[in-house]
Structure formats: C-alpha cells, structure tokens
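> predicted model and sequence follow; I will ask about them next.
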There are 2 protein chains.
Amino acid sequence: MVTALLLRYQHAAWTLLLMIAGFSEGGKLVVLPMDGSHWLSMRQVVENLSQRGHEVVVVIPQVSWQFGITENYTVKTYPVTYTKEDLDVNLQTYIDAHLAGQPFPFNVLSIYNSSVAIFNLLFSHCKSLFNHKELMQYLKQSDFDALLTDPVALCGALIANYFSLPSVFFMRGLPCNLHYKANRCPDPLSYVPRIFTMNSDYMTFSQRLKNVLIDSAEFFYCNGFYAQSLSFASEVLQRDVTLLDLLSSTSIWLMRYDFVFEYPRPVMPNMVFIGGINCGERKALHEEFESIVNASGEHGFVVFSLGSMVSEIPMKKAKQIAEAFGTIPQTVLWRYTGETPPNLANNTKLIKWLPQNDLLAHPKARAFITHGGSHGIYEGICNGVPMVLMPLFGDQMDNAKRIESRGAGVTLNVLEMTSKDLSDALNAVINDKSYKENIMRLSALHLDRPIHPLDLAVYWVEFVMRHKGAQHLRPAAHDLNWIQYHSLDVIAFLMAVVLVATFISLKCCLFCCRKCFCKKGRVSKSSKSKAE
Amino acid sequence: MVTALLLRYQHAAWTLLLMIAGFSEGGKLVVLPMDGSHWLSMRQVVENLSQRGHEVVVVIPQVSWQFGITENYTVKTYPVTYTKEDLDVNLQTYIDAHLAGQPFPFNVLSIYNSSVAIFNLLFSHCKSLFNHKELMQYLKQSDFDALLTDPVALCGALIANYFSLPSVFFMRGLPCNLHYKANRCPDPLSYVPRIFTMNSDYMTFSQRLKNVLIDSAEFFYCNGFYAQSLSFASEVLQRDVTLLDLLSSTSIWLMRYDFVFEYPRPVMPNMVFIGGINCGERKALHEEFESIVNASGEHGFVVFSLGSMVSEIPMKKAKQIAEAFGTIPQTVLWRYTGETPPNLANNTKLIKWLPQNDLLAHPKARAFITHGGSHGIYEGICNGVPMVLMPLFGDQMDNAKRIESRGAGVTLNVLEMTSKDLSDALNAVINDKSYKENIMRLSALHLDRPIHPLDLAVYWVEFVMRHKGAQHLRPAAHDLNWIQYHSLDVIAFLMAVVLVATFISLKCCLFCCRKCFCKKGRVSKSSKSKAE
C-alpha cells in the first residue's frame, strides 16, 4: 500500500520539487550511447534531461539496432563501415556460441571468439566517428558541460578523454568487474561472485576457488576483448593507455542495479544505484491485450519474452516450450516472431511485441518467463511477479542466479531443459506461495526508496554538468601504484626493521653470553690454577 | 543561487511529497541517545519522527549534560550512580589531558587513562538501566519496531542485541574505525587516514607507516576503552561478545559526514551519509546580535566558539586570544563564560550563548574560529565561512586537517600558538581570497544533494521500522572468518597445488634425465667394455 502510493507519486512530486526550486539551468550534454537493449533505459534519462531544458546531443552511428531519429533531442549521426546485416550476423554467432552445446573447452573458445568479434564490430564505429572530421570539429567546438555514455564499447570513454570532458557512465556492469577495478573499489573474492561463475555471495570452498581462478583469468580475456579498441585509443590519445586508464577518469558511475537484486558489497561514493530505472507506471492495456488478459479467467496469465534482442529460437526448442505451455491452465503471452510451432496449444498466444511492463503490472500476471536481462528482471521485481529464468548470454546467467538465490524464481538451462522441466518450473512459481511471497518482499524493498531511480540519474548527470565533474568524490587511491595501494612497501620496511632488530638482539645476546661464559671459563680456569 | 534555492525549498517540498504520498504510518521507536554535543543533531531526527506520527520513546539517564524533558516525544528516565559534577570533572580531566602539554609518552598515557575513565562513566548508566526492572519490563513489552542510538557508549547496541530489535546507528564515527570494521567495510591503510594521525588521504611513506602503526595499536586501546562495557555485555547476553559482535548487527549506519568533508573511500550499501544534518535555515537574529552585527561595518565580524562542551579556557590562553582579536578590524563575537580577560579589546564581545548558525549565515560573517567539532564545521561549510581551527580533543584534530587540506581554513595548535599566530591566521582566512573561494566551492558541492540530510535520516529510520531491519543490505562477509574473508585458504590450496605440481614435474624430469643418462651411461659403458 505504502510502496504503491510512493511509486505513484514519487516521480510527480519530485518534478514538482524541481519546478518550485527552479533547479534546472540549461546546460549542454553530449551522449554516446550503447546500441541494443542497453539503450532502452538510457533513452529515458536522455529524454528527461532534454525535457528539463538542457541541450542534449546524441551521437550515434548510422547503422544500429535500437537508435532512431527523434524530435526529443538533437541526433548527430556518422556513417560506419558495417551494415545492419553484419550486426545481426555477429549477434547471431554470439548467441549460437552460447546455445551450441559444444563440449569444454570448445564452448569457452567459441564464446570468447564471438565476443571479441562483437566487441571489435561495436568499437569499429568509433574509428568512423574519429574519421568524421566535420562531426569531430562540431564536438570540439560545442563546449559541452559533460558527456553521458554507456562505457561498454569504450568509445564514449575515449571521446571524454580526447576532449577532456567530465563524464558520467551509465550501465549494468562491465566485463571482468572493470567498473569496480577502474574505480578502485575493493572487490573481495570471498563473497563477491565474479561474472560467469554463477556463484552467489555465499560460496563453498570450491566456489571460492572458482571465483579466484576466474578472476585471475579476467585480466587476459578482457584485454583480448578490448585489444583493438585500446590500440586505437593509444593512437588517438598519443600515449599508451590501459583499460583502467580510460575508464578511471569518469566522475559518476550510474549503476543500473540495487541491493535488492545485487549482493551487498563494498562500493565507492561516486557510484549511484539506479536499478529499476526502467520500471514505468502501469499504463492501460491496448484492447487486444485487455481481451486476452480478461479471458484468462481465475488462472491468470504468464508472460514469456527472451528480450528485445532475441525473438526467435530453433524450432526444436520452440516445440518443447509450446508443449510445456499446453500443460498449464494459465494463458501464455509469448513474444515470438519465428515460425509457429505445430504443437502450439490454445492457451498460448504468439505476439510480435508485447507491452511487457503493463502486462506484468496486471493483477492477473502469474509468472514471467524471461531470459534474465536486467531490464526484464527489474520489471519482474517492480511488479512482484515470480520468474522462470532461461538465461542465454552475457550477465543473464548471473542475473538469474540472483533471483533464484532469493527464492523468487527458478532457473532453467535452456540447452538441457525438457518440456517437463519448464512446466514443473511454471507450476512451482505459480502454485508454491513462497515464490510469490519472496518476490513481493523484494518488490516492497526495491520500491521503498527516497527518490525514483530516473530522477536520481538525472540529478547526478546535472550535478556533473553544474560542477564540471565530481572531483571531490575521486579517491586518492587513483594516485597510488599497486605496491603503495596494498602498503607492501610499508610492510616490507616493518619486516626489515623487525629482522634487523632481531638480528641485533641475537648478536647482543650471543655477545653477552660469550662474555659471560668466557668470564666464567676464565674464572673457573684461574680458580683451578689457583687450586693447583 | 541554485544551491540556495535548493536548500530553501528542498525540505519543504519533501515534506509535501510525504504528505501527498501518505508515507508515514505510525510506528514505535525507542531511542537511546548519547549525551553531550552528540545529541544536538540526533534530537532533530527524533523530533521529526515524532512529528510524523510515530510513537517515539527516548530513554535517558536522570543525570546528563544535554538531555531535557520535552513534550515533543515521550521521555523515560532512570536513576544513575553518578552526579552532574562527576560528569563535569571527568570531562575536564579529559580536556586537561589534551591541553596539559606533557611530553611523550605521558601525554598519550594521560589521554588514554582519561578516555577510559570517561567511557566507563558514560557506560555505567547502562548498568543502571539494566537494574531498573520496571523500565526494562516496559521496554520488553512495548513491541518497538526499531531502536535508534548513537553507538559510541555501546548501551544502545547492547539493548538492541538484548531485545533483538532492528537498530539504526547515528554518529560521526567510532574510535578505532569500529564503524568500518564492524560493518565489514574495507579500509585501505594506504589512503584512508586513521583517527589521531592527522594524515590526509595523500600520505608520504612515513605518514603511511604511521597510519599502519596506529591501526595496529587500535585493537589494544579500543579494547581498553570498552573493557568494562564488554564484560557487562557478555554478562547480560550470557555469551562472550566482542566489540564487533555488538556493533555488527545493526541495519543502517547513519553517518554524520559526506564526501565534501571526509576523504572519498570505500563504503557499504547500508551506510547513509547525512553530513550537514544540523545546518538549519537561517533565522532572523535577535535584536541584541543584529545591532552588534550591523555595527561591525564594512569589515564584518568573526564568530568564535569552542563548542557546546567547552566555554572556558585558562586565563593565560584567554589573554593571548584577546590580544590577537585586538589586532583585527573585525568585530569578534566570542562565546565565553569564563572570567573576562583584562586585555579584551573594544571590538570583542563576550557572550554566554550565541546563535551560531544564524550568525554564520549572515553576509557579514568573515571567519569562524572553531574547535573543529563536526557540527560547527558543517555550519561553516553550509554557510561558506572560512575557518580558523583550534582542535582540542577527540576527532577534532582530524576534522581540522580535512578543512585545512581543502584550503578552506587554517589550523592552530592551541597549546603552542602565540597571539601573533592567531591574528596571522585570521588575517589569512579573511583577506586571502583563496580561503573564501574554497569554502564557497565546498559549500556549493555540499548543498547540492537530492535530499536534505534530515529527511534522508528520517527516511532510513522509517525504512528499518517498516521492514523490521534491512537484512538485504547485510553483506555475506559477516559470516566468513578472517581466513576465509581474505581467501587465505584458497591461496594456500593453490600454492600447495603449484608446489606439488612443481615437485612432481621436477621428479618426472629427474626420472627422465636419469633414464636418459643411465641408458647413455650403460650404452657408453657397454661400448667401452666392447672396445676393451
């Protein structure tokens, strides 16, 4: 009740607050977003900043999945060397590498290679941007107050360094925990699980061992992911730059998670947590969906989507899934653009696009089958809908683990699952009350926050624009080398002092003993001779 | 301009927001505050919570410096075994230990002893509380939602543990960085200065060495401070408790600082930063002060106070100070209850009590001479008044260092300073523009925050009341032992594996070599024998 009211009025009241205070003083912001699902929630921040009177310029490649021309802000585009098909082929290769079910180490190798390929492709547009003299001249002359970027493809970070612009990073995370390493944030291996380990924060000895081993490997594979980007960055900045160099100069890290979803861990004062930024208010459903939902009766309905980037799966898998849906009494709304599986049951509706948040917010929503992307997961949390998770790639496996470890969902291995596994999982999350109770508890905690994450994100971007950075939040750790940071020089010095002191004490003792014994020896000798 | 508007409307708009959202649902809160200046800002939170419809019960000893009976909330008192004079004598001994100017190590010893005495005295009322059967019965039966306490005297933490109540800690800090240690917050010695070191976050090798040594000593002296309290805690909880046990169970740490004042460092998600909570809106000055301030002319005035706990100093020192004040053109308002120094100049007004915040907020305020208590320092920051700092005890030396290292004030050693030192310092902060610019920059950064610290504090206390704690913010680190936390078992295992692998490889090599050489040997031997 309280949280519902809060959620309903928080954003409105905040806007009112800012209106009264006359808080917004038009500034100039340049935005270098990341394509794909990453753009979905960043667009909200960008639109909000634009509505608040700032001059917002979004710089995007002419070929993309998600970017489009809009009147909500200024868009500047530049030509790139690849086509939309190149993007699609690379993404499909990347997804296939995860779903091929190859044995170890071939699975790891093909995932690694496809990741490097996609990183290189996504970065290649950065070269095109630097080659676009006119646009670069415009960026140079525009005197922006700050730069907002999703740093995963590095181009925004490079532009910020190149033009010495204060920057704000907006993201769910970076590979290899770079977002902690670059921000000098302690990252204890004993309870902070590394990505791809699928560990929770409570680990057995062997899980902690795996965590340490994966962490050691991160250095190598992340340098592999970013090798081309770093070489280009070193070229344009005319100095040898490392990944940490490029990323460490940002002012504020807007992290698209909170500690209802993520495991509590050390953070830094310039990290702002905006998990759930994408959860909007529930809007009325379109007639088409309203009628499906109403017809679902007392059993309600299930929403199934594999996210904005995947709308087809192999027919074999689709048939398995369709079979499972046929066994449950709920209506299923399945976002799917592929060929209709022949065994599709009457209760299952294939739909090209669905208003996911509005459906999940409906009281008849009983479960949410998701690939475990962070946007979808937060919509599940915001609306308190228990989940069945079918992670595919990237951070999705680890996201799924977080929901499962909170008892708010069941994770399935999409490669190995059977039709029965899926129907069992659905029956569990729908009929076992604990899943609903747990997701409602998470929802209540998540929604109980002093400011809506969207307002918080906008606030901190404006903060950086107003103060030309946030230098006061930059820890001195950035200016220490590895040895100094870990106080190894001090420890070595103290050990040397102890050793020298011990050595001198021993020598003194020996000297004293010798003196003593010699004296005794002499005394006894002289007394002996006297006696003689 | 922006910040002024923000500050003016932020609290009002927030209150409006909460009114609209119907956010407050009356709960029951028990408060165990800390006496002295610590109570000043906590009282604001308590009053605010009470105004918001909660049943707030403040449990205090019958003898105190600052507590009083009020109608703003329910007060429950219990008799104690000491008198107000005992409190005063102990405080004076504690202050004298700092000001006596004894040589090392006598100064350290007398400060340590007087600290132990004051800790024991302040904790002794806890025994009285536990002996007060009626009040303990009342606390047991009252079914409180949460407990709010300043944990420095440990009694609130003990009561929370005893009644298994979710708790919120409110404080500037604890001795020995216990507030980080108990919360499992990493605390790198290389750039996080320890209390009493007077280091900044940028340290030379010898300063880092000092930091490491002081940190190593902390374990011993803090156990000394709290020895009696811990023995009593173990008795009532009927188990052996450590300091960290007692403190680590709290849900939220409300920290009375921010990173405009404190050096940026790792923090934990359950730490909420409410520095500047005590800065109120400027109220109109009373006629008496208005006339002094107006008469100060173009030179303006200087405010001098050594805080709520110290209003007298030795006559020798008072004369030195009075002499310095005679040399500056500003009017000086000096909060002082001692004997008037005979050399007091005409520009200096001795006043028993002054409206510090309202005076500092006046445009004619030119400088603020303060002992460096955190409340005073934040009033200086909020109002953008450069400071001359005369730290006396506790965290004041380190607070002063923080302001000085930001170029917003000058620190004087109250024992060694001459009259000229003080007048030089005053002339510097008043006439050298950099001090004013720096304090104005700090002020702008400090005031630019999405929520007023008072509202934030109230919000998080209510959060703990609503959710009966904040278990989701508790890191798994609490359930690891020292070896596990530092992954020492994993490292040992990996080293063992490497050693065994190296050993086996070496053995294999040796075996192969031997085989090889033996064969050769035999071959050459046999060929030799054949040759023979």
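All right, it came through fine.

> list the contacts of A:Phe144.
By C-beta atoms under 8 Å, 6 or more residues apart in numbering or on different chains, the contact list for A:Phe144 reads A:Lys28, A:Leu29, A:Val30, A:Val57, A:Phe163, A:Leu165. For the C-beta atoms, the positions are set from N, CA and C on the backbone; glycine is no exception.

> in JSON lines: the residues you listed, plus distance to chain B.
JSON lines is the format used below for those (distance: C-beta to the nearest C-beta, whole Å):
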{"residue": "A:Lys28", "distance to chain B": "16"}
{"residue": "A:Leu29", "distance to chain B": "17"}
{"residue": "A:Val30", "distance to chain B": "22"}
{"residue": "A:Val57", "distance to chain B": "23"}
{"residue": "A:Phe163", "distance to chain B": "24"}
{"residue": "A:Leu165", "distance to chain B": "19"}
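
> who wins for neighbours among the residues you listed?
Counting neighbours by other C-beta atoms under 10 Å in any protein chain shown, A:Val30 leads the contacts of A:Phe144 with 26 neighbours.

> any idea how far that residue lies from A:Phe130?
Distance from A:Val30 to A:Phe130, counting by C-beta to C-beta, to the nearest Å: 15 Å.

> what do you get for A:Pro264?
From A:Pro264 to A:Phe130 the distance is 41 Å (C-beta to C-beta).

> among those two, which residue is more densely surrounded?
More crowded of A:Pro264 and A:Phe130, by other C-beta under 10 Å: A:Pro264, with 23 against 18.

> how many residues are close by the residue nearest to that one when sequence neighbours are not counted?
Distances taken as C-beta to C-beta, 6 or more residues apart in numbering or on different chains put B:Pro475 closest to A:Pro264, at 4.4 Å, once the chain neighbours are dropped. By other C-beta under 10 Å, 22 other residues sit near B:Pro475.

> then A:Thr418?
12.

> look at the closest residue to chain B within the stretch 201-350 of chain A and say how many residues are nearby.
Here the stretch 201-350 of chain A gets closest to chain B at one residue, A:Asp201, 3.9 Å apart by C-beta to the nearest C-beta. A:Asp201: 18 surrounding residues under other C-beta under 10 Å.

> that one touches A:Tyr191, doesn't it?
Yes. Look at A:Asp201 against A:Tyr191 with C-beta atoms under 8 Å: they come within range, at 4.9 Å.

> coming back round to it: TSV for the contacts of A:Phe144, including pLDDT and distance to A:Gln207?
Converted to TSV, those look like this (pLDDT from 0 to 100; distance: C-beta to C-beta, whole Å):
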residue	pLDDT	distance to A:Gln207
A:Lys28	96	48
A:Leu29	97	43
A:Val30	98	43
A:Val57	96	46
A:Phe163	97	44
A:Leu165	98	41
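
> in strands, which of those residues appear?
If you go by DSSP state E, those have A:Lys28, A:Leu29, A:Val30, A:Val57 in strands.

> give me the nearest residue to the third one, chain neighbours excluded.
Translated: A:Val30. Residue nearest to A:Val30 in three dimensions, not counting chain neighbours: A:Phe144, with 4.6 Å by C-beta to C-beta, 6+ apart.

> touching both of A:Asp201 and A:Tyr191, which residues are there?
By C-beta under 8 Å, 6+ apart, the residues touching both A:Asp201 and A:Tyr191 are A:Tyr263, A:Arg265, B:Pro475, B:Ala476.

> where does pLDDT dip in chain A?
A:1-25, A:311, A:519-532 (pLDDT under 70).

> all strands of it, in order?
Remark: strands assigned in chain A by DSSP E are A:28-32, A:55-61, A:74-78, A:146-149, A:167-171, A:252-255, A:271-273, A:301-305, A:331-335, A:348-351, A:365-370, A:387-389, A:409-411.

> indicate which one of the ones you listed is closest to A:Thr242.
Nearest to A:Thr242, of all those, is strand A:167-171, at 16.8 Å by C-beta to C-beta.

> isn't A:Ile310 right up against A:Leu392?
Heads up, residue A:310 is Val, not Ile. Yes. Using C-beta under 8 Å, A:Val310 is in contact with A:Leu392, at 6.5 Å.

> what is the burial count for the residue nearest to A:Ile483 when sequence neighbours are not counted?
Of all residues beyond its chain neighbours, the one nearest A:Ile483 is A:Asp489 (5.5 Å), with distances taken as C-beta to C-beta, 6+ apart. A:Asp489 has 15 neighbours, counted by other C-beta under 10 Å.

> please apply the same query to A:Leu506.
A:Leu506, neighbours per other C-beta under 10 Å, totals 10.

> do you know how far it is from A:Val498?
Taking C-beta to C-beta, one finds A:Leu506 at 12 Å from A:Val498.

> same thing with A:Ser291?
From A:Ser291 to A:Val498 the distance is 80 Å (C-beta to C-beta).

> try A:Pro341
Counting by C-beta to C-beta - A:Pro341 and A:Val498 are separated by 73 Å.

> show me which of these two is the more surrounded one.
A:Pro341 (22 against 10).

> interface residues of the stretch 301-450 of chain A facing chain B?
For the stretch 301-450 of chain A, the contact set with chain B under C-beta under 8 Å from any C-beta of the partner chain comprises A:Leu442, A:Ala444, A:Leu445, A:Asp448, A:Pro450.

> of the residues you listed, buried ones?
Buried subset of these (neighbour count, 16 or more other C-beta atoms under 10 Å in any protein chain shown): A:Leu442, A:Ala444, A:Leu445, A:Asp448, A:Pro450.

> hang on, isn't A:Ile111 packed against A:His98?
Yes. Between A:Ile111 and A:His98 there is a contact under C-beta under 8 Å: 6.2 Å.

> before we move on, the earlier item: TSV for the residues of the stretch 301-450 of chain A next to chain B, including distance to A:Thr83?
Output for these, formatted as TSV (distance: C-beta to C-beta, whole Å):
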residue	distance to A:Thr83
A:Leu442	42
A:Ala444	47
A:Leu445	45
A:Asp448	47
A:Pro450	46
